[in-house]
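Trainee: Turn this into a model:
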Amino acid sequence: MPQPPKNLKDFNSLVQIIADLRGPEGCAWDLQQTHESLVPYAIEETHELAEAIESHDDEHIREELGDVLFQVILHAQLGSERKVFTITDIVQTLSEKLVRRHPHVFSGLKVSGTDEIIENWDKIKKEEALAKNKKSKIINIPEGLPALQRASKIGDKTKKVNFDWTEVKAVLTQLKEEITELEEAMEESVSPESFSHMTHEMGDVLFSAAQLSRHLNIEPETSLREANRRFLVRFEKMFELSGLSLEAFTALPQEEKEEIWGRVKQIVP
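Mentor: Next comes the predicted model:
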């Protein structure tokens, strides 16, 4: 039976704990995992970290950072078992990348501000791709990002080649046009083709909404998460104010629900 390390504050002790989880007498769940099976957990943990950060709860942030770190070291252990990379290789690769992509810090390059720093960063990334014989796309954004965040980043990239709205009112006009087109699609007779059309137009509405957020300097994912939380707080308060059981609340007429909802909005802005 593996023995827990004496110094639980030591990074190498953590690496050993995770190696033991994958060892002959380790955890059945950990032993079943692969890089691919862990993808949903990596996504879930980063979202939980984002939630902790936005709640301004330092203890929660500390805990969630640990969960993210667990994912990193577990992937490193899998790589080590396959003899393709270790945690040391990951640290080295990251260190080299950070030094290489920050010439204004480590190589004495003079820059005028953050815009030039970002420009240099993108240039270095393209050079890295060429060095690896990878074709560098004009817009290269991970498909695994949340869709609204990816849409916003697409707009950031197209702006750099002067393909963007010049003023925020123009983006708002575009969004209104897309909503009109969605309304027209909704009026079509029901069919697989009309559903596909509605899906297409809804996508355009959401994409345009993300671009409007970008022009207003609002991160769309953050804004939507806040809206989700606000709705849930209001909904719980709405149920509380009704004083009803869940069954009775469900049967309550829509007009009465709307009346309670209006009162809740005065209590929970």
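
Trainee: Flag the shaky bits of the stretch 101-250 of the chain, pLDDT-wise.
Mentor: Along the stretch 101-250 of the chain, segments meeting pLDDT under 70 span 134-136.

Trainee: quick one: the helices in it?
Mentor: Using DSSP state H, counting those that start in this stretch, the helices found in the stretch 101-250 of the chain span residues 103-106, 114-131, 147-159, 168-186, 192-215, 220-242, 246-251.

Trainee: Of those helices, give the one that comes closest to Thr34.
Mentor: Among those, helix 147-159 comes nearest to Thr34, with 25.4 Å by Cβ to Cβ. No exception for glycine: its C-beta is placed from N, CA and C like everyone else's.

Trainee: related to what we said a few turns ago, nearest to Ala19, of the helices of the stretch 101-250 of the chain?
Mentor: Using Cβ to Cβ, the helices of the stretch 101-250 of the chain put helix 114-131 closest to Ala19, at 30.8 Å.

Trainee: Remind me what the closest one packs against, helices and strands.
Mentor: helix 103-106 (3 or more Cβ pairs under 8 Å, 6 or more residues apart in numbering; DSSP states H and E).

Trainee: Dump the C-alpha coordinates for the helix it packs on into PDB.
Mentor: Output in PDB follows, covering the C-alpha atoms of helix 103-106 (Å, rounded to 0.1, in the frame of the first residue of the first chain):
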ATOM      1  CA  PRO A 103      11.100  39.600 -25.700                       C
ATOM      2  CA  HIS A 104      10.200  43.000 -24.200                       C
ATOM      3  CA  VAL A 105      10.900  41.500 -20.700                       C
ATOM      4  CA  PHE A 106      13.800  39.100 -21.400                       C
END
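
Trainee: which residues touch that helix?
Mentor: Contact with helix 103-106 is made by 99, 109-111, 117, 120, 124, as judged by Cβ atoms under 8 Å, 6 or more residues apart in numbering.
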